[in-house]
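Engineer: Have a look; sequence and predicted model below, questions after that.
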Amino acid sequence: MHYCYIIYSQSADRFYIGETNNFSRRIAEHNNHIFRSSFSIIANDWCEYMIIELPNIKVARTMERRLKKMKSRKLIERLKINDTFRTSFLNEITSEWVLVPMRRDEPK
């Protein structure tokens, strides 16, 4: 499993969007400033806002890029509080990556 996550810093009043296969490790890295060039270095009080479980890294990275590209606080807040909107948004992203089983020809 992979995750697209949104974390929030109260002291900075900012959101950060990322992807990982281990959220607890990753949020500790944000709060301990492991990645010096990361935007998240602006604070050390990051906490979980939302975690979206996805089937693989490709889908998680697609979700992360889409959310970052939109740069919308209102969208992030709407994803959290509106189940119908969240489901629709996730279905749109994941439908691009649905695996269709290959059909095998019947033996002749």
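Structural biologist: Good, I have the coordinates.

Engineer: tally of neighbours for residue 45?
Structural biologist: 12 (other CB atoms under 10 Å). Using the backbone N, CA and C atoms, a C-beta is placed for each residue, glycine as well.

Engineer: And it, how close does it get to residue 1?
Structural biologist: Going from residue 45 to residue 1 by CB to CB, to the nearest Å gives 27 Å.

Engineer: Same check on residue 47?
Structural biologist: 21 Å.

Engineer: now swap in residue 65 and tell me
Structural biologist: 19 Å.

Engineer: ok, these two, which is more surrounded?
Structural biologist: Ranked by neighbour count (other CB under 10 Å), residue 65 and residue 1 place residue 65 first, with 14 against 10.

Engineer: May I see the buried residues of the helix or strand where the more buried one lies?
Structural biologist: Per DSSP states H and E: residue 65 is located in helix 57-70. Residues of helix 57-70 classed as buried: 59, 60, 62, 63, 64, 66, 67 (neighbour count, 16 or more other CB atoms under 10 Å).
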